[in-house]
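**Student:** Quick one: sequence and predicted model below, then my questions.
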Amino acid sequence: MQFSTRSGNPVRARTHCLVLTVLGDYLGATAREVDKASKRALSRVLKRGDIEGKAGQTLILHDVPGVAAQRVMLLGLGDPKKLDAAKLGTALRALASALGRTRAKSALVCLDGVAPPGEDAEWSHTMLAEALESSTYRYDDMRGTPPANGPTLETVEVLAADRDAAQTASDALTAGSALAAGLNLAKDLGNTPANICTPTYLATAARDLARTYQRLKTTVVEEKEMRELGMGALLSVGAGSNEPSKLVVMEYKGGPKGDAPHAIVGKGITFDTGGISLKGPATMYEMIYDMCGAASVIGTMKTVAELELPINVLGVVASAENMPSASATRPGDVVKTMSGQTVEILNTDAEGRLVLCDALTYIAKYEPKTVVDIATLTGAIVTALGAHATGLFANDDGLADDLLDAGTRSLDRAWRLPIWEDYQSSLRSPSADMANVGGPGAGSITAACFLARFTKSYRWAHLDCAGTAYRSGTARASTGRPVPLLVQYLRDRAAESAEGQPRTRR
Ligand code: BES
Ligand code: MN
Ligand code: ZN
């Protein structure tokens, strides 16, 4: 999709679809101009009541008199006094899907600088580009015959009042489509079944990215080196699989040389059978999505590289396949982690924390400014937060607040849970330094408490996206979450480093 800006009279624009806003009972500013030129055709439509102007309502009018555009789409934004980010996001997604149902190849969108409280038109145009690019996403790689009637929309223009507005809008559109590119990559990786998407496949995807972007370098730690490094926990997870485990390290250098990076670390279990502690068959197929944390890291690295953010970012993927076999790890086995701490593996299905703990120890040598790990770690987080919020845990309040803020602004929200010392005792083991599972309660918290034992030397947060990274059921699909949150977080850090001071939080 091509995005650009345009000024001048929208009435004369030869576009396939002119998009205008309706704020409750009122036409938006550009809509009023068009209304005049069309001898009040829009006012009459409004009066008939087919569109009430609620947020997310759309109505398409063809051949409006006095207007050069083939179609005029009215987009409801609701009462402007009640407009918030969620409502505007909903409206822009509705706009994208309504456009997708037409055969329009071009559109001119006139948002009249509308923005939710605390944001400006830049936010709205970023969200517009993200919504448009995301709405055309489909995963058809596994079909024998790809379905016909793909999306038709090719060029989208945005009306800008003056040169400054045009520049801001243009930057915002670039940011939104870069975000969508990362999101779509994360979705593709998540949706690819486990017979194709193996740890080796993820490593190849990361290497491919480094070929595209000059500032990105990918290296892969193979099992032999993991053994030399003492990564007994990571290695124990892939022990039953024929697929070699991989620790993928992506270094993005956009900031000053020697500047400490922000690290993101993803769980990349390409299939989680549970191992010898085998999962039930009912929804085991969903465990193709158990690498969505890793996918969000690779997708975020793509967006960061595309945007050429002026910071250093370290993207790490800890990848293995969790299978039962004669060589698999047994319940009761004790392994030694790279940190030197030992773990009694009571349940081989609690494998995410085992691959992550060694990856989190490994990255300490980069002396990262902050570390965020992303993992489909526990079923318990789905019970706690459902599909709406990602679980957030942190050993640093400032970092937690920055991530919550990034989630709110990007409409990809997280919610914080505690990792108090009180919970640590449930990980006690009679023989080893710790067990890999806690008691029956607070499964997401005890999982995070396990990780906390490996992240004491830096500012760290953990995102449990088991409920948000994919949708279940017949419409099951990877969502790409939390790529929007991570990209927002890193863009905020980039803005902060440009200003030389922390961004003030609202
Ligand atoms: N990958 C699962 C977590 C998961 C469950 C993700 C459901 C998405 C949907 C993880 O490896 C796992 O199996 N966790 C166990 C931990 C338990 C054995 C302590 C769980 O949540 O049941
Ligand atoms: Mn598991
Ligand atoms: Zn898992």
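**Tutor:** That came in fine, so what should we check first? Ligands and ions are numbered 1, 2, ... in the order given.
**Student:** ok, the residue in the stretch 401-506 of the chain that ligand 1 sits nearest to - contacts?
**Tutor:** Nearest residue of the stretch 401-506 of the chain to ligand 1, counting by C-beta to the nearest ligand atom: residue 466, 3.7 Å away. Every C-beta, even on glycine, is put in place using the N, C-alpha and C of the backbone. By C-beta atoms under 8 Å, 6 or more residues apart in numbering, the contact list for residue 466 reads 375-379, 381-382.
**Student:** Go ahead and build a ChimeraX selection from the buried members of these.
**Tutor:** Provided next is the ChimeraX selection string for whichever of the contacts of residue 466 are buried by 16 or more other C-beta atoms under 10 Å:
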select :375,376,377,378,381,382
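**Student:** which helices and strands sit right next to the helix or strand encompassing residue 128?
**Tutor:** Assigned by DSSP states H and E, residue 128 belongs to helix 121-135. Judged by 3 or more C-beta pairs under 8 Å, 6 or more residues apart in numbering; DSSP states H and E, helix 121-135 is in contact with helix 85-100, strand 155-159, helix 163-191.
**Student:** which other helices and strands contact the last one?
**Tutor:** Translated: helix 163-191. Looks like helix 163-191 contacts strand 2-6, helix 121-135, strand 155-159, helix 199-212, helix 292-307, strand 477-478, helix 483-499 (3+ C-beta pairs under 8 Å, 6+ apart).
**Student:** taking the mean pLDDT, what do you get for it?
**Tutor:** Averaging pLDDT along helix 163-191 yields 98.
**Student:** Around residue 425, count how many other residues there are.
**Tutor:** 11 (other C-beta atoms under 10 Å).
**Student:** Alongside ligand 2, which residues does the stretch 201-350 of the chain contribute?
**Tutor:** 272, 349 (C-beta under 5 Å from the ion).
**Student:** Could you grab the helix/strand/coil label for the closest residue to ligand 2 within the chain?
**Tutor:** In the chain, no residue comes nearer to ligand 2 than residue 349, which is 3.8 Å away by C-beta to the ion. For residue 349, the assignment made with DSSP: H, G, I helix; E, B strand; the rest coil gives coil.
**Student:** and it, what is it in contact with?
**Tutor:** Taking C-beta under 8 Å, 6+ apart as the test, what residue 349 contacts is 272, 274-275, 277-279, 322.
**Student:** Let's see that with 10 Å instead.
**Tutor:** 272-279, 287, 322, 331, 379, 436-437 (C-beta atoms under 10 Å, 6 or more residues apart in numbering).
**Student:** What subset of those is buried?
**Tutor:** Using 16+ other C-beta under 10 Å, the buried ones in these are 272-277, 279, 287, 322, 436-437.
**Student:** TSV please, covering the residues you listed and showing pLDDT.
**Tutor:** Output for the buried ones among the contacts of residue 349, formatted as TSV (pLDDT from 0 to 100):
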residue	pLDDT
272	99
273	99
274	98
275	99
276	99
277	98
279	98
287	98
322	99
436	98
437	98
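**Student:** Can you tell me which of those is nearest residue 478?
**Tutor:** residue 287 (12.8 Å; C-beta to C-beta).
**Student:** Tell me the residues on the chain that lie near ligand 3, please.
**Tutor:** Checking the chain against ligand 3 by C-beta under 5 Å from the ion, the hits are 269, 272, 290, 352.
**Student:** from those residues, which is closest to residue 174?
**Tutor:** Using C-beta to C-beta, the residues of the chain next to ligand 3 come closest to residue 174 at residue 290, 32.9 Å.
**Student:** Can you give me the distance of the residue of the chain closest to ligand 2 to residue 328?
**Tutor:** 12 Å (C-beta to C-beta, to the nearest Å).
**Student:** And for residue 164?
**Tutor:** From residue 164 over to residue 328 (counting by C-beta to C-beta), the distance is 62 Å.
**Student:** So which of the two has more stuff around it?
**Tutor:** When residue 164 and residue 328 are compared for neighbours, residue 328 comes out ahead with 20 against 9, by other C-beta under 10 Å.
**Student:** I'd guessed that one sits against residue 320; true?
**Tutor:** No: in this structure, residue 328 is not within contact of residue 320 by C-beta atoms under 10 Å, at 11.5 Å.
**Student:** what touches both of the two?
**Tutor:** 236-241.
**Student:** Now go through these and say which are in helices.
**Tutor:** 236-237 (DSSP state H).
**Student:** and which of the shared contacts of residue 328 and residue 320 is nearest ligand 1?
**Tutor:** For these, the nearest to ligand 1 is residue 237 (9.6 Å; C-beta to the nearest ligand atom).
**Student:** List the residues that contact the closest one.
**Tutor:** Residue 237 sits next to 245, 269, 272, 275, 318-323, 328-329, 335, 345, 348, 351-355, 358 when contact means C-beta under 10 Å, 6+ apart.
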